[in-house]
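> dropping the sequence and predicted coords here.
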Amino acid sequence: MEILTDLSSMQARCLDLRRQGKRIAFVPTMGYLHDGHLSLLQEGRQRGDILALSIFVNPTQFGPKEDLAAYPRDLKRDLDIARRAGVDLVWTPTPQDVYPEGYATYVDVEGLTDTLCGASRPGHFRGVTTVVCKLFNVVQADLALFGEKDFQQLAVIRRMTRDLNLPVEIVGMPIVREEDGLAMSSRNVYLSGEERRQALALSQGIALAQKRACEGEHSSRTLLAEVRSLIEAQPLARIDYLQICHALTLQEQEKVDADAVLLMAVFVGSTRLIDNSYLL
């Protein structure tokens, strides 16, 4: 496994691999890897000749009052996981390498970023799309893998890739959950024992909505009220947003159909968790 820090060295290495006809599968991450990331790496190992991983806590996607400084980091552990997963190339750039002095160019995707996390975290998706576009240009990936837990992020990256004619296949992978249903996230480490217990209300709310939709209740208003009641019964939980949207447009839907996705962001204590699922 090669570990590179310098941007120009990583780009030169990947360009050389492309000239050799190698197919590069790429998993961009902010590190503190868990089994959700591992599922992306395992799929990438199957799909590519070369498996590349980036570990970079991207400052431009954090707001001024968010957890950039506290975001969990453990590079040695991440590298051990990457090595066991069969990663060929790991890129660990610094913020100064990605955003050198005088940096002034950003990528904005309109429309899809106006709602959900985009409304709650102004500027977040501009940071995401900018860094992902830069990562794609450096790594020269044939395909890139992302988790569906960040459902809106995946939709935004797909739109950016299409709109900018980037020659990268975007692969979405299913949410990986703990045995009790909690969606895996690097931020789960912030949760205390009691917060961790109350955080199960997110997946329980999804299960309730799915059950009710399968029983024939297709009113979004009714389903959202029931899920809201379940989550708000937890004293440490505070809903940021709770919506049923069309999977492609992310526009709110009054009626549940095969394209309807329940999306939520909930603070449990001070930790903001997201989760989602199709309902039918």
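Structure received.

> measure the closest residue to Val189 other than its chain neighbours to Val176 for me?
Nearest-residue entry for Val189: Pro72, 5.3 Å, with adjacent residues in sequence omitted and distances by C-beta to C-beta, 6 or more residues apart in numbering. Bear in mind the C-beta positions are built from the backbone N, C-alpha and C, glycine included. Using C-beta to C-beta, to the nearest Å, Pro72 is found at 17 Å from Val176.

> and these two? which has more neighbours close in?
Val176 (18 against 15; other C-beta atoms under 10 Å).

> next one: that one from Leu51, what distance?
Distance, Val176 to Leu51, using C-beta to C-beta: 18 Å.

> and the pLDDT for Glu178?
Note on Glu178: pLDDT of 96.

> contacts only, for the residue sitting nearest the centre point of the chain.
Central residue of the chain (C-alpha atoms, centre = their mean): Asp150, 3.6 Å from the mean position. Listed by C-beta atoms under 8 Å, 6 or more residues apart in numbering, the contact set of Asp150 reads Ile274.

> Thr115 contacts Thr249, doesn't it?
No: contact between Thr115 and Thr249 fails when scored by C-beta atoms under 8 Å: they sit 9.8 Å apart.

> for the record, mean pLDDT for the helix ranked longest in the chain?
Criterion DSSP state H: the longest helix present in the chain is helix 124-139. On average, the pLDDT along helix 124-139 is 98.

> go on, stretch 52-64?
For stretch 52-64, mean pLDDT is 97.

> buried sites along it?
Residues of stretch 52-64 classed as buried: Ala52, Leu53, Ser54, Ile55, Phe56, Val57, Asn58, Thr60, Gln61, Phe62 (neighbour count, 16 or more other C-beta atoms under 10 Å).

> if we can go back for a sec, more crowded one of Thr115 and Thr249?
Between Thr115 and Thr249, Thr115 has the larger neighbour count (other C-beta under 10 Å), namely 18 against 13.

> can you pull the buried residues of stretch 197-213?
For stretch 197-213, by 16+ other C-beta under 10 Å, it's 198-199, 201-206, 208-210, 212-213.

> stretch 232-247 too?
Buried-residue list, stretch 232-247, by 16+ other C-beta under 10 Å: Gln234, Leu236, Ala237, Ile239, Asp240, Leu242, Gln243, Ile244, Cys245.

> hmm, the first one is touching Glu195, no?
No: in this structure Gln234 lies outside contact range of Glu195 using C-beta under 8 Å: 9.3 Å.

> spit out the residues that contact these two alike.
Val268.

> that older thread, what is the nearest of the buried residues of stretch 197-213 to Val128?
Leu202 (21.7 Å; C-beta to C-beta).

> quick check: which element contains the closest one?
Using DSSP states H and E, Leu202 sits in helix 201-214.

> send me stretch 104-122 as PDB with only the CA atoms.
Output of stretch 104-122 as PDB, limited to C-alpha atoms (Å, rounded to 0.1, in the frame of the first residue of the first chain):
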ATOM      1  CA  ALA A 104     -10.800  31.300  -5.100                       C
ATOM      2  CA  THR A 105     -12.700  28.700  -7.200                       C
ATOM      3  CA  TYR A 106     -15.800  26.800  -5.900                       C
ATOM      4  CA  VAL A 107     -18.400  24.400  -7.400                       C
ATOM      5  CA  ASP A 108     -22.100  25.200  -6.700                       C
ATOM      6  CA  VAL A 109     -24.900  22.800  -7.500                       C
ATOM      7  CA  GLU A 110     -28.200  24.700  -7.400                       C
ATOM      8  CA  GLY A 111     -31.700  23.400  -6.600                       C
ATOM      9  CA  LEU A 112     -30.800  20.100  -4.900                       C
ATOM     10  CA  THR A 113     -28.800  22.000  -2.200                       C
ATOM     11  CA  ASP A 114     -31.700  24.300  -1.200                       C
ATOM     12  CA  THR A 115     -33.400  21.900   1.100                       C
ATOM     13  CA  LEU A 116     -32.700  19.300   3.900                       C
ATOM     14  CA  CYS A 117     -29.000  19.500   5.000                       C
ATOM     15  CA  GLY A 118     -28.500  22.400   2.500                       C
ATOM     16  CA  ALA A 119     -31.000  24.500   4.300                       C
ATOM     17  CA  SER A 120     -29.700  23.600   7.800                       C
ATOM     18  CA  ARG A 121     -26.000  23.900   6.900                       C
ATOM     19  CA  PRO A 122     -25.500  26.900   4.500                       C
END
